[in-house]
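Peer 1: Give me the fold of what follows.
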Amino acid sequence: MKPAAQKTSLAASPEKQLAGFIAKFTSAHAQLIRACRAEIRKLLPTATELVYDNYNFFVIGFSATERPSHSIVSLAAGANGVGLSFYYGAKLPDPQRLLLGMGSQNRFVRLPSVETLRDPGVLALVNAAIAQADPALPLKGGGNLIIRSISAKQRPRRKTESTK
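Peer 2: The predicted structure follows:
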């Protein structure tokens, strides 16, 4: 049996793990996830990325710290598409009524294409979320990529005949 330190060193890098999670999706969804991640990285370059490959969704949270509750936005993907989730979206000003969801805290915007992230209304929501972030995003640094959880059992990441 190998010592724990050796097991850790043999594990795939976070970027390789992330690529494997994204590869579970159709090529179109995978391309959209990668494009949206790159676009959000431009908007939040110092954010820490918290990755969850959970039962219902694949999620990349963009957080001011390593704590999930400090997430500003998250990219959430499932077999039916990709969305931009605002962790404290219920508190955001939304004059264009772009935010979906009725929860007491979280709201989201569907992302049919990366262009949606460039929409002035969506950018205003992202900027408002950044402004209300507590703690604020770090001023320096490139942010870390942290794999937070991987569920052994997951819903399909691709539509099957029964989910279409």
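
Peer 1: Count the neighbours of residue 32 for me.
Peer 2: By the criterion of other Cβ atoms under 10 Å, residue 32 has 21 neighbours. (Each C-beta comes from the backbone N, C-alpha and C, glycine too.)

Peer 1: Which residue, other than its chain neighbours, is closest to it?
Peer 2: Spatially, and ignoring its direct neighbours in sequence, residue 32 is nearest to residue 82 (5.3 Å; Cβ to Cβ, 6 or more residues apart in numbering).

Peer 1: for residue 139, same thing?
Peer 2: Distances taken as Cβ to Cβ, 6+ apart put residue 46 closest to residue 139, at 6.9 Å, once the chain neighbours are dropped.

Peer 1: Does that neighbour belong to a helix, a strand or coil?
Peer 2: State at residue 46, reduced to three classes by DSSP: H, G, I helix; E, B strand; the rest coil: coil.

Peer 1: Going forward, count from 893.
Peer 2: New numbering, starting at 893: the last item is residue 938.

Peer 1: Can you report how many residues lie near the residue nearest to residue 924?
Peer 2: By other Cβ under 10 Å, the residues close to residue 974 number 23.
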